[in-house]
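**Q** Next input, structure requested:
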Amino acid sequence: MPAHEFESDTTTDPLAHERAHLAASRAALRAMREDAQALDIRDVTANWVNAAVLQAQIDERIKSLADLSHTPLFFGRLDYLHVVGAEEAEGAEGEQFYIGRRHVHDAAGDPMVIDWRAPVSQPFYRASRKDPLDVGRRRRFGYTGGDLTAYEDEHLTDPAEAEQTSKLLQAEIERPRVGPMRDIVATIQPEQDEIVRSELGGTVCVQGGPGTGKTAVGLHRVAYLLYAHRERLARTGTLVVGPNRSFLHYIEQVLPALGELEVKQATVEDLVGAQVEVRGTDEARAAVVKGDARMAEVLRRALRSHVTPPTEPVMVVRGSRRWRVPAYEIEEMVQELLARDMRYGAAHEALPQRIAHAVLVRMEEAGEAPDDRVQNAVARTPAVKAAVKAVWPAVDPAKLVLRLLSDPEFLAAHAQGLLSEDEQKAILWTKPARSVKSAKWSAADAVLIDEAADLVARTHSLGHVVIDEAQDLSPMQYRAVGRRCSTGSATVLGDLAQGTTPWSTQSWEQALHHLGKADAVVEELTAGFRVPRDVIAYASRLLPVISPGLTAVESVRESPGSLSVREVAGPEALDAAVVAACEEALGHEGSTGLIAADARIPALAEALTAAGHPYLSPGQETTAESRLTLVPASLAKGLEYDYVVLDEPAAVVDGEPDARTGLRRLYVALTRAVSGLTVLHSAPLPEELA
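**A** From the prediction side, this is the model:
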């Protein structure tokens, strides 16, 4: 299956033919965009509201039809043995289909490029010699920039052709990583495609080691679901949740490159931070307790403690008549609402209507004929309002959490049997805040407030949520995300071996339970496409300690000489050695990441500056001035660089509160390279690596 730079047959030059089709397809895409730009909404709208909505839709359509000059419009071709049904091919009536990032049709409406998500495109990823799926030939294209420069054929039904690894596929996988994350639409593997095309109704959890493509799989699944269920998800919404802003910046161009512009991206802190400003931090012990799922029951008890039995009847005056509802009857209403386990706020709104209804019953028994307007008026009377305020008062979620963290007796009363005395002491503030605004809320506190807010009023649910680096979420954070897809589905992405928070996930079964998706399917990706074989094998020495029983990644990338471990004589020489290693890495094409323990960053920054090497911060795009990024180990997760220089592994381990977390942080740092890794150390390496 050789790649061809040039090939002749009896009629034409195939490469020239494919280039002509590419040019015609780009012209057709421009025409589609021009048609959208030429639409005159004045001819079809009756008022300014409809006009604004329609114009916004047209603007989004125009954006989605942008032709990215350096992104191949199509990357493959399928030649079917038989004619494919028109309904399967988006209207095409032939046996040859070009597979690309989006659908493109000509002036007559005939497709020139088929969307990779269409059913007819699926065999591009799934067809094999064992099961060709009616495909006679699969053609892959090679590009330099936006120019088509090569192609490669695979004849799936020809017994004389030996099965070989695709050189173009391998070249695309190994292409240097400069700038933000790219889509992998041209290189999706069969096991990845199965996850990408799984149905919207089910939640999928993907366990994948470094370089297995789990993040890309999750993003491409969103793109597929938007294609297959666009109207439904347009109503309900989609969301990608990432670990930090640097990570979200790194992945933010993947979906737009696939023509999807409506997917929102956020961190957990973004989701829960609407009610208070996070200005404080917790010690690890306090954060672990606050992130424990038991806190949900503590909050529920504390909230319900505000409901008190009525002691006085309600007397409603209507004209010259007085209507009395005895305390025992109101007590029955309260008990019924408690038994229904309604949201606290919904019950607060329902109680005055229940009391008013009891008054209406008495009116009807007395011969009057009140209607709904009378019931609403009774519910708003001062007497009913006062009774509800006394029995079922409104509660502010932030004030509730403030009291729990400030009042030892209040916390003890509602944490009894749930939290030990030591755990209660760990989360109590030493200096209680005077108000919600003056409190120095931590990220974990904001999650507690979000939980309390959901107990008061239901959180809006989206149609689909993707959670990346999910292994680092606490149970309470899982609950916070789960609330946002309670009536939808989720794609959970992570690697248990990369859990680096004190509360990190120990098993996906526990995590999915807290997410509210206990019936989710757990898939494991073990084939690595990013990290070279020598590098991942070196990092995998840590697995028996950091995550026993987890399957090590088997990389398909054979890169001899990709790993170099060097000992430096003394810590005083380490900075200079690191700078020299960075210079060596920058001699290669692509990006370079210098990863070090957070405490080492200032010294290395000074050394790079003194040597005249400008550097970037995580999340910043490479520029003509710098392809070098200085990365604190705490921010390395989810990022990747062509070449990585890792400074002092022992310092990375020592920078964490315990050895296991430190080794997991080191595992992350060791697996960020896609072409080469240089490890420099003056202190002894951790014994697991030595």
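**Q** Would you enumerate the residues in contact with residue 276?
**A** Taking Cβ atoms under 8 Å, 6 or more residues apart in numbering as the criterion, residue 276 is in contact with 398, 436, 439, 441, 445-446, 449. Quick note: C-beta positions are derived from backbone N, CA and C, even for glycine.
**Q** Distance of it relative to residue 370?
**A** For residue 276, the distance to residue 370 (Cβ to Cβ, to the nearest Å) stands at 44 Å.
**Q** do the same with residue 265
**A** Separation of residue 265 from residue 370 (Cβ to Cβ) stands at 52 Å.
**Q** next one: residue 286
**A** Counting by Cβ to Cβ, the gap from residue 286 to residue 370 is 55 Å.
**Q** is it true that residue 143 lies in a helix?
**A** No. Looking at residue 143 with DSSP: H, G, I helix; E, B strand; the rest coil, it is strand, so not inside a helix.
**Q** So, low pLDDT: which residues of this protein?
**A** Scanning the chain for pLDDT under 70 picks out the ranges 1-12, 41-49, 69, 84-94, 162-165, 174, 176-180.
**Q** repeat that for 50
**A** 1-11, 86-94 (pLDDT under 50).
**Q** Identify the single longest helix in it, thanks.
**A** Secondary structure of the chain read by DSSP state H shows that its longest helix is helix 14-37.
**Q** Tell me which residues of it come out buried.
**A** Going by neighbour count (16 or more other Cβ atoms under 10 Å), the buried part of helix 14-37 is 14-15, 18, 21-22, 25-26, 28-29, 32-33, 36.
**Q** Most neighbours among the contacts of residue 276, which one?
**A** Greatest neighbour count in those, by other Cβ atoms under 10 Å, goes to residue 445: 26 neighbours.
**Q** got a list of what it touches?
**A** Taking Cβ under 8 Å, 6+ apart, we find residue 445 in contact with 276, 278, 280, 282, 290, 401, 405, 439.
**Q** Of those residues, select the buried ones using a PyMOL command.
**A** In PyMOL, a selection of the buried entries from those looks like this (16+ other Cβ under 10 Å):
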select buried, resi 276+282+290+401+405+439
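**Q** Tabulate the contacts of residue 445 in JSON lines, adding columns for secondary structure and distance to residue 152.
**A** Conversion of these to JSON lines gives the following (DSSP: H, G, I helix; E, B strand; the rest coil; distance: Cβ to Cβ, whole Å):
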{"residue": "276", "secondary structure": "coil", "distance to residue 152": "56"}
{"residue": "278", "secondary structure": "strand", "distance to residue 152": "52"}
{"residue": "280", "secondary structure": "coil", "distance to residue 152": "57"}
{"residue": "282", "secondary structure": "coil", "distance to residue 152": "54"}
{"residue": "290", "secondary structure": "helix", "distance to residue 152": "55"}
{"residue": "401", "secondary structure": "helix", "distance to residue 152": "60"}
{"residue": "405", "secondary structure": "helix", "distance to residue 152": "62"}
{"residue": "439", "secondary structure": "coil", "distance to residue 152": "62"}
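**Q** Can you tell me which of the contacts of residue 445 is nearest residue 662?
**A** Of all the contacts of residue 445, residue 662 sits closest to residue 282, with 19.4 Å by Cβ to Cβ.
**Q** Report the separation between the nearest residue to the closest one once chain neighbours are set aside and residue 75.
**A** Leaving aside its chain neighbours, residue 282 sits nearest to residue 442 (4.5 Å; criterion: Cβ to Cβ, 6 or more residues apart in numbering). Using Cβ to Cβ, residue 442 is found at 46 Å from residue 75.
**Q** next one: residue 533
**A** Using Cβ to Cβ, one gets 26 Å for the distance from residue 533 to residue 75.
**Q** quick one: which of the two has more around it?
**A** More crowded of residue 533 and residue 75, by other Cβ under 10 Å: residue 75, with 24 against 18.
**Q** Doesn't the more buried one lie inside a helix?
**A** No. Residue 75: not assigned to a helix; according to three-state DSSP it is strand.
**Q** Contact partners for it?
**A** Neighbouring residues of residue 75 by Cβ under 8 Å, 6+ apart: 99-101, 140-141, 143, 185-186.
**Q** how close does it sit to residue 25?
**A** To residue 25, residue 75 is 12 Å away according to Cβ to Cβ.
**Q** who touches both of the two?
**A** Residues touching both residue 75 and residue 25 by Cβ under 8 Å, 6+ apart: residue 100.
**Q** For stretch 619-634, which outside residues touch it?
**A** With contacts defined as Cβ under 8 Å, 6+ apart, stretch 619-634 is touched by 178-180, 245-247, 249-250, 500, 582, 586, 590-598, 601, 604-605, 608, 613-618, 639, 641, 652, 655, 665-666, 668-669, 672.
**Q** still on that earlier bit, specify the angle between whatever helix or strand comes next after the longest helix of the chain and helix 14-37 in degrees.
**A** Downstream of helix 14-37, the first helix or strand assigned by DSSP states H and E is helix 48-64. Following axes from the mean of the first three to the mean of the last three Cα atoms, to 10 degrees, one obtains 170 degrees for the angle between helix 48-64 and helix 14-37.
**Q** Would you mark the buried spots in helix 48-64?
**A** For helix 48-64, using 16+ other Cβ under 10 Å, the buried residues are 61-62, 64.
**Q** Please name every helix or strand in contact with it.
**A** Where contact means 3 or more Cβ pairs under 8 Å, 6 or more residues apart in numbering; DSSP states H and E, helix 48-64 is packed against helix 14-37.
**Q** Residues contacting the helix it packs on, please?
**A** With Cβ under 8 Å, 6+ apart as the test, helix 14-37 has contacts from 4-8, 58, 61-62, 65-67, 73-74, 77, 98, 100, 104-107, 112-113, 141, 148, 150-151.
**Q** what's the spacing between residue 109 and residue 28?
**A** For residue 109 relative to residue 28 (Cβ to Cβ), the value is 11 Å.
**Q** cool, and residue 664?
**A** For residue 664, the distance to residue 28 equals 50 Å [Cβ to Cβ].
**Q** next one: residue 255
**A** For residue 255, the distance to residue 28 (Cβ to Cβ) stands at 23 Å.
**Q** Next: residue 418.
**A** Using Cβ to Cβ, residue 418 is found at 64 Å from residue 28.
**Q** Now do the contacts for the closest residue to residue 526 other than its chain neighbours.
**A** Leaving aside its chain neighbours, residue 526 sits nearest to residue 551 (5.1 Å; criterion: Cβ to Cβ, 6+ apart). Taking Cβ under 8 Å, 6+ apart, we find residue 551 in contact with 209, 524, 526.
**Q** Show the buried residues in those.
**A** Among the contacts of residue 551, those classed as buried by 16+ other Cβ under 10 Å are residue 209.
**Q** From the contacts of residue 551, which land in helices?
**A** With DSSP H as the criterion, helices contain none of the contacts of residue 551.
**Q** Inside strands: which ones of the contacts of residue 551?
**A** residue 524 (DSSP state E).
**Q** for the contacts of residue 551, which one is nearest residue 356?
**A** Proximity of the contacts of residue 551 to residue 356, judged by Cβ to Cβ, is greatest for residue 524, which lies at 57.1 Å.
**Q** phi, psi of the residue nearest to that closest one when sequence neighbours are not counted?
**A** Leaving aside its sequence neighbours, residue 524 sits nearest to residue 207 (Cβ to Cβ, 6+ apart; 4.6 Å). The phi/psi pair for residue 207 (degrees, to the nearest 10) reads phi -90, psi 120.
**Q** how many other residues sit next to residue 207?
**A** 22.
**Q** from memory it sits against residue 498, does it?
**A** No. Taking contacts as Cβ atoms under 8 Å, residue 207 lies outside contact range of residue 498: 10.6 Å.
**Q** Alright, calling it a day.
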